[in-house]
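Participant: sequence first, then the predicted structure, then my questions.
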There are 4 protein chains.
Amino acid sequence: MKKRVAILGATGIVGQRFVHFLSDHPWFDLELVMASERSAGKVYAEAVTWVLEKPMPKRAYELTLYPINVDLIARERIDIVFTALPPDAAKELEPQLAKKGIVVVSNASPMRLEPDIPLLNPEVNADHIDAIEVQRRNRGWSGAILKVPNCTTAIATLSLKPLLDAFGIGKVVIATMQALSGAGLTGVPSMLILDNLIPYIEGEEEKVESESRKILGEFNGSVIEVNNAISVTASCHRVMVLEGHTEAIFVELKAEATIDEVIKAMEEFKGNKIKGMGLPTAPEKPIIVRREADRPQPRLDRLEGNGMSVVVGRLREDKTLNGVKYVVLGHNTIRGAAGTGVLIAELLVKKGYV
Amino acid sequence: MKKRVAILGATGIVGQRFVHFLSDHPWFDLELVMASERSAGKVYAEAVTWVLEKPMPKRAYELTLYPINVDLIARERIDIVFTALPPDAAKELEPQLAKKGIVVVSNASPMRLEPDIPLLNPEVNADHIDAIEVQRRNRGWSGAILKVPNCTTAIATLSLKPLLDAFGIGKVVIATMQALSGAGLTGVPSMLILDNLIPYIEGEEEKVESESRKILGEFNGSVIEVNNAISVTASCHRVMVLEGHTEAIFVELKAEATIDEVIKAMEEFKGNKIKGMGLPTAPEKPIIVRREADRPQPRLDRLEGNGMSVVVGRLREDKTLNGVKYVVLGHNTIRGAAGTGVLIAELLVKKGYV
Amino acid sequence: MKKRVAILGATGIVGQRFVHFLSDHPWFDLELVMASERSAGKVYAEAVTWVLEKPMPKRAYELTLYPINVDLIARERIDIVFTALPPDAAKELEPQLAKKGIVVVSNASPMRLEPDIPLLNPEVNADHIDAIEVQRRNRGWSGAILKVPNCTTAIATLSLKPLLDAFGIGKVVIATMQALSGAGLTGVPSMLILDNLIPYIEGEEEKVESESRKILGEFNGSVIEVNNAISVTASCHRVMVLEGHTEAIFVELKAEATIDEVIKAMEEFKGNKIKGMGLPTAPEKPIIVRREADRPQPRLDRLEGNGMSVVVGRLREDKTLNGVKYVVLGHNTIRGAAGTGVLIAELLVKKGYV
Amino acid sequence: MKKRVAILGATGIVGQRFVHFLSDHPWFDLELVMASERSAGKVYAEAVTWVLEKPMPKRAYELTLYPINVDLIARERIDIVFTALPPDAAKELEPQLAKKGIVVVSNASPMRLEPDIPLLNPEVNADHIDAIEVQRRNRGWSGAILKVPNCTTAIATLSLKPLLDAFGIGKVVIATMQALSGAGLTGVPSMLILDNLIPYIEGEEEKVESESRKILGEFNGSVIEVNNAISVTASCHRVMVLEGHTEAIFVELKAEATIDEVIKAMEEFKGNKIKGMGLPTAPEKPIIVRREADRPQPRLDRLEGNGMSVVVGRLREDKTLNGVKYVVLGHNTIRGAAGTGVLIAELLVKKGYV
């Protein structure tokens, strides 16, 4: 039997991606879409400024948009709520939902670093999901909160995981060129970015630096331990690209490795922790390695694996850091947000948590 | 008396910048403009597709464009030739000119790493100019060849020099977001870059990594010695910006330094080696430090100091590299090419080499 | 039995669209792809810079790219050749192919205005196809040449046809905002179009003005007669859009018509002349009318009907011309080139000409 | 003695242009800058997001930003107030100011069509200024309100005036490609316009159609009479350009005219009605005609005559309308807003109205 799901913050660009992924999902029925008061009461299809490259699904014409309402969610016997809310709203509402027995898969940043909250990039750390049991004990919740990582971090850690497993990693330097969609539909005025770039994204570098060490850490049965052997420094920049974050990554490797060995580690990485589980949204290849000199490119590569694969290119030796450098590209509102959220929900179902 | 100067490769974007700088220069008379056969014979103003933000100078309407011709340059008693030529043409022509007694200030990459060829970013290493004497002895030339650094390297080393002087530097990681003009007027087709970026610029990373260590090295009286204490790794990317290269730099500092001390070192840097010389193209402040969270930005900051200043922002501690990280912006076809070429020529005059 | 087809000029953007449409077509087998000498000999997938929003079809990995060779085409018993050639090459090669018994569906401009050459926008003037018989008699060909209209004209005439049929039309004023892809993969350098537009496209206005009167004319059994009751004036401009031409059209109507009547005429237009034929590439709705104030928009609407529909919006009264004005958008390399080419070929098969 | 002037709405892009023009003006002292409450109290330079291509003038660092306050303006003995306000605020405040004896030069649309309110494009209809006397009588004001035309209309009418004078004009069709700055600093989100255009600007077409007939009309001593012999139809579109509106204009001429005669009429047009007055902001050539096939282009031509000239190109015969067609470009926030506002104020001073 399909699980009943809802989306909070359904009209923004991440909300639209959720609507797209959930309108026709084999395991989920999209029952409720909620957003701010302003657009509530209308049919979803009429309230939204749809900007995806795919047509609006039929379900969008059937669902009415409601104002956000915890009681209504409970009354509708929703199993999983996907949230794409601003931090303040998330901070207030998500624990209320968890308390009422609802499982929340959240894109919002608050609580991401708490040791009993799984911060899941499933191919990398699916086993952290078991921290839910600790969380429930600690907090007295019958529901739970699971966090989707920051978009840049989700993309980076997916590419780093096979290097960590095969060779060990130390210092990591990340410089990003991030898409406009990361700031939301109206976040970046065209007058401020045309023939320009903005070398700053509020809070982003701190998220990359701290979240990546948690995702690459271990759940020891009681807390999720940060990986202190890794040190990450980031510089984050906004560029004139609609979708797709590009990241230049320089990484120290603990063991010697040829470029061919690094490519092999990445190409053979199948996300062991969810391998063979048959999760519908899991891409066949989490990491695609391109050999051309000038790839990955956001417009050409962002939809690989339905937007769930990251594409690595330009793998080359780095003598300064004693390791390798490469460029990785991922779809920020799919792999870095809604797609990974749906993958987490599938994992929850598979593991019997919902 | 003014020196007689010529430009080879005068119709491209760097050529246009040279025409702009030299048409009304207090020390130089622009006497000759040369380019490929195709456009030769026309008045310069009619042959060129002028794309600068400034109107074409009057001189552009008076000069006829000639095909490249070493004998004509000699016959016209040209003192200094500025070149903006493709590598192969430069390799062939520049030594011929030097042999004939002409001083060449060259933007082309060949010979940049030879130990008797000054690779000059004047505020950083003006004293390397004296290697000309060695060069003349070694090669039996009465003229000389001086090289303008690669654009990205010119911008980076200007920002690194005060850090080297004040604190010492070790590992340097540079990730760039480079302007379209760097590839020339027709280098990047719009179909390939709109809603996109290209994470590769041929040969660029190698140039940054090797040239910066030479520029930050020492001339010991017989050769220019590379600074082996520094190790640079670069990742270079093309973005949708007309002019202005933005670079995220992460740098290990050998001595402890607070952010305030780093800002002070940068702001007080006056390019000691050319300070007080009164070179007309030298900017008042080689480095401008901005405190706003979101600067520098290419469209807003690239013309600081007439395009000859670099603008540094986002200075912050880097715990991974034990140093600092920051963003530096410079005008690639001015500071990174024609402007620095003219500054070198002024230094040549001041030092009596021309 | 499927027809054997070839593409000449297969690596450009229109060529890529042809490869996409023909690799998996129910009526055609793509047997040969040809392009200039330079890339010949390689597997198509390796020779091409693929820029479509869809992945390269499997067939692209199986086909070898040949240099253009009329004898080889004949030897391979090709039924239909689709050409996306420069004008000079088309002028020379297309008649040679027709002479050898091959049917040519051509995107090149030469011969478009000759009275025995069908210039086909199938929903508008499918019956002009019968001019093939005259053409064969006149020229002694066993093959034939059929022309795809200029892209801007194909889009405009599709929107004008229901107005002509229902109300009669006189003066037509067309101002266009055309996509970069119309100039080919490398046609418009980014330095010349960023923060800019180019108010000129060579030969385009003349094509729109003359071709539209032929397409909206009649085949009288011996020649295709131009519609002299219509007078078209155009102004054509290139803007920063990847794909999709937008056209502001002002049109004099011979009979009174309310906006509702005009919308009705457009929405009910089913392209009578190919209606019910079951051509696979014919869109369900050739014209989609949008009521929102701010549509059509190229990025959001260009792929309607798989790129074969045009989208009309902003229909409003025009008191100056005594008629209506509106904005129409169409996909220039699909509806305006390859897609219409394939539709013409389907019509050829259906009518028994191939 | 210099006149004391103020700017209402000083932080937007038109406000910034006013600050630029008025900070160093030979006839005016900029004494007051006002904006919404939010940013009031700060020094102007700190409150504004400066986006002009020119550096902020020194005066910007000296002026404090005040909230809008009619009494303070009166108390400060301001002679002329320049307004760049939203329509509702303008509607309320401008008559209050006029009543208090202050002369208002307004960019806001309300009242533009009233027969006693001069709608001034000075080179075209400077003599309409005398309607002020009627206005004062009618309304009992000691001050006055003068309106700057809509930006698109200011540019179009400047190019149409010499045609009207020399040949007479009838039907006029205008299709525009308008810059982002017309929607204000944050008006067009980058996600909605990248790889796109928006074929709609609220209220714009109506303004062009009605205002142009008033500007090209006559002041008969008691009212400004609309020119009913002219009929204008417009289609307005937003494109990815920072500044500079491009307009394709098709115009019926009442008398026969060769293209050379049309060019002559435009080039000899010196804006007779302000010619010889020595107004500091009047451009030497109000209309610049370019002969190249591909000009005008916004990025290359928008700053001609300090942004006060319009640039016409592509002049060609139009057989459909029995006249000519051409492309005209003007700087929308200078010629179409602040620059024309300042020119109107200079005219007021010259004519002794202030």
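Facilitator: Arrived safely.
Participant: alpha carbons only for contacts and neighbour counts from here, please
Facilitator: Noted.
Participant: hang on, residue A:251 is in a strand, isn't it?
Facilitator: Yes: under DSSP: H, G, I helix; E, B strand; the rest coil, residue A:251 sits within a strand.
Participant: what residue in the stretch 51-200 of chain A comes nearest to chain B?
Facilitator: Distances between the stretch 51-200 of chain A and chain B by C-alpha to the nearest C-alpha are smallest at residue A:195, namely 4.4 Å.
Participant: so the closest residue to that residue other than its chain neighbours, which state does it fall into?
Facilitator: Nearest-residue entry for residue A:195: residue B:241, 4.4 Å, with adjacent residues in sequence omitted and distances by C-alpha to C-alpha, 6 or more residues apart in numbering or on different chains. Applying three-state DSSP to residue B:241 yields a three-state assignment of coil.
Participant: for residue B:136, see how far away residue B:241 is.
Facilitator: For residue B:241, the distance to residue B:136 equals 41 Å [C-alpha to C-alpha, to the nearest Å].
Participant: and for residue A:124?
Facilitator: Applying C-alpha to C-alpha, the value for residue A:124 to residue B:136 is 61 Å.
Participant: of the two, which one has the most company?
Facilitator: residue A:124 (24 against 18; other C-alpha atoms under 10 Å in any protein chain shown).
Participant: same for the host helix or strand of that one, what does it pack against?
Facilitator: Following DSSP states H and E, one finds residue A:124 within helix A:122-125. With contacts defined as 3 or more C-alpha pairs under 8 Å, 6 or more residues apart in numbering or on different chains; DSSP states H and E, the packing partners of helix A:122-125 are helix A:151-167, helix A:339-350.
Participant: can you tell me which of those is nearest to residue D:346?
Facilitator: For those, the distance to residue D:346 is smallest for helix A:151-167, at 54.4 Å, taking C-alpha to C-alpha.
Participant: follow-up on the earlier one: now the residue of the stretch 51-200 of chain A closest to chain B, what are its backbone angles?
Facilitator: Per-residue torsions, residue A:195: phi 50, psi 40 (degrees, to the nearest 10).
Participant: next: residue A:23.
Facilitator: Dihedral pair for residue A:23: phi -70, psi -20, per degrees, to the nearest 10.
Participant: separation between it and chain B?
Facilitator: Computed as C-alpha to the nearest C-alpha, to the nearest Å, the residue A:23 to chain B distance reads 28 Å.
Participant: didn't that residue look like it was pressed against residue A:31?
Facilitator: No: counting by C-alpha atoms under 8 Å, residue A:31 is not a contact partner of residue A:23; they are 9.3 Å apart.
Participant: hmm, whichever strand or helix holds residue A:173 touching chain B?
Facilitator: Secondary structure from DSSP H and E places residue A:173 in strand A:169-177. Yes: Strand A:169-177 reaches chain B (C-alpha under 8 Å from any C-alpha of the partner chain) through A:171-173, A:175.
Participant: and that strand with chain D, contact?
Facilitator: No: between strand A:169-177 and chain D, judged by C-alpha under 8 Å from any C-alpha, nothing touches; the nearest distance is 15.7 Å.
Participant: returning to that earlier point: who's more crowded, residue A:23 and residue A:31?
Facilitator: Counting neighbours by other C-alpha under 10 Å for residue A:23 and for residue A:31 shows that residue A:31 has the greater number, 20 against 17.
Participant: can you list the residues of chain A near chain D?
Facilitator: With C-alpha under 8 Å from any C-alpha as the criterion, chain A meets chain D at residues A:51, A:180-181, A:185-194, A:240, A:242.
Participant: ok, now with 6 Å
Facilitator: Within chain A, the residues that sit near chain D (C-alpha under 6 Å from any C-alpha of the partner chain) are A:185-186, A:188-191.
Participant: among the residues you listed, which are in strands?
Facilitator: The members of those all map outside strands under DSSP state E.
Participant: I figured the residue of the stretch 51-200 of chain A closest to chain B was touching residue B:243, is that so?
Facilitator: No: the criterion here is C-alpha atoms under 6 Å, and residue A:195 misses it with residue B:243 at 8.2 Å.
Participant: OK, contacts around residue A:348?
Facilitator: Taking C-alpha atoms under 6 Å, 6 or more residues apart in numbering or on different chains, we find residue A:348 in contact with residue A:354.
Participant: average pLDDT across stretch A:135-154?
Facilitator: Averaged across stretch A:135-154, the pLDDT comes to 98.
Participant: buried residues in it?
Facilitator: Using 16 or more other C-alpha atoms under 10 Å in any protein chain shown as the test for burial, stretch A:135-154 gives A:135-136, A:141-154.
Participant: what's the answer for stretch A:208-225, then?
Facilitator: For stretch A:208-225, the neighbour count (16+ other C-alpha under 10 Å) marks A:208-219, A:223-225 as buried.
Participant: next: stretch A:103-123.
Facilitator: For stretch A:103-123, a neighbour-count test (16+ other C-alpha under 10 Å) marks A:103-113, A:115-123 as buried.
Participant: same check on stretch A:301-309?
Facilitator: Within stretch A:301-309, the residues that qualify as buried are A:301-305, A:307-309, counting by 16+ other C-alpha under 10 Å.
Participant: is that stretch anywhere near chain C?
Facilitator: No: Stretch A:301-309 is not in contact with chain C by C-alpha under 6 Å from any C-alpha; minimum separation 9.0 Å.
Participant: now that stretch - C-alpha only, CSV.
Facilitator: The C-alpha trace of stretch A:301-309 is given here as CSV (Å, rounded to 0.1, in the frame of the first residue of the first chain):
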residue,chain,number,x,y,z
ASP,A,301,25.2,17.3,-17.8
ARG,A,302,22.9,18.4,-15.0
LEU,A,303,20.1,16.0,-15.9
GLU,A,304,22.3,12.8,-15.9
GLY,A,305,20.6,10.0,-14.0
ASN,A,306,17.4,12.1,-13.9
GLY,A,307,19.3,14.7,-12.1
MET,A,308,20.4,12.3,-9.3
SER,A,309,23.9,11.5,-10.6
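Participant: ok, residues contacting that stretch?
Facilitator: With C-alpha under 6 Å, 6+ apart as the test, stretch A:301-309 has contacts from A:244, A:283, A:286-287, A:330-331, A:334-335.
Participant: and with 7 Å instead?
Facilitator: Contact partners of stretch A:301-309, identified using C-alpha atoms under 7 Å, 6 or more residues apart in numbering or on different chains, comprise A:244, A:283-288, A:311, A:329-331, A:334-335, A:339.
Participant: sweet, I'm off.
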